[in-house]
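Q: Need a 3D model of the following:
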Amino acid sequence: MSRTASPTAQDFVPFATAALDFHRALNVPGGPLVTTRAELDALHAHLVSLHGLLDAHAARTGQLTPVEGDQLSAARTRVWQAADHVHAAYHAAPRPGSGEVPDREACQAGLPEGAPELTICQRHQRTAHLVRRRTTPADLHAPFTGLVRH
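A: Residues are numbered from 1 along each chain as shown. So this is what the prediction gives:
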């Protein structure tokens, strides 16, 4: 079994990184002072996607090199924590139009504001289900999520 990907495999991660850097350089300096819900939704989607990529790498790598797998698992946990904070920021942001701020707990009910606005909540709940299967509550609340193996 090979420990590395084939040299012909296309690596799209640098393109995603460049797109984020480009977006920040173009949109943040001249954009609104408050992050919009649409951008928070897009950032959440990006973090959830990154969480999935790290989860896949942690599962595969951990079988071959446990220490590296532990570090990738810790990174996966931190990315989930970031996604959780972005989700909370989304709910703290005012609704477009009314300016009303909904309760975060409303997201548990599914789509309290109606589709498509709260697809972020559906995405968050799907990922939270995976997180609960692969991460302990202690891991999620620990100040350090990496294991040290000798």
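Q: quick one: residue 60 and residue 16, what's the gap?
A: 20 Å (C-beta to C-beta, to the nearest Å). C-beta: built from backbone N, CA, C; applies to glycine.
Q: and residue 77, how many neighbours does it have?
A: 23 (other C-beta atoms under 10 Å).
Q: in what helix or strand does the spatially most central residue of the chain lie?
A: Centroid check for the chain by C-alpha atoms, centre = their mean gives residue 47 as the closest residue, at 2.5 Å. Assigned by DSSP states H and E, residue 47 belongs to helix 37-64.
Q: helices and strands around that helix, which ones?
A: helix 13-27, helix 66-92, helix 119-134 (3 or more C-beta pairs under 8 Å, 6 or more residues apart in numbering; DSSP states H and E).
Q: quick one: low-confidence ranges for the protein?
A: Across the chain, the ranges flagged by pLDDT under 70 are 1-9, 102-118, 144-150.
Q: can we see that at 80?
A: Low-confidence segments of the chain, defined by pLDDT under 80, are located at 1-10, 29, 31-34, 95-118, 141-150.
Q: How much space separates residue 99 from residue 20?
A: 29 Å.
Q: quick one: which of these two has more around it?
A: Applying other C-beta under 10 Å to residue 99 and residue 20 shows that residue 20 carries more neighbours, namely 12 against 7.
Q: Nearest residue to the more buried one in space, please, no chain neighbours.
A: With sequence-adjacent residues excluded and distances taken as C-beta to C-beta, 6 or more residues apart in numbering, residue 20 is closest to residue 46, at 7.3 Å.
Q: ok, now residue 119?
A: Closest to residue 119 by C-beta to C-beta, 6+ apart is residue 41, at 7.2 Å.
Q: Run a quick neighbour tally on the one you found.
A: 21.
Q: Contacts only, for it.
A: 90, 119, 120 (C-beta atoms under 8 Å, 6 or more residues apart in numbering).
Q: sorry, back to before: what's around the residue nearest to residue 20, how many residues?
A: So residue 46, with other C-beta under 10 Å, has 17 neighbours.
Q: Next: residue 72.
A: 22.
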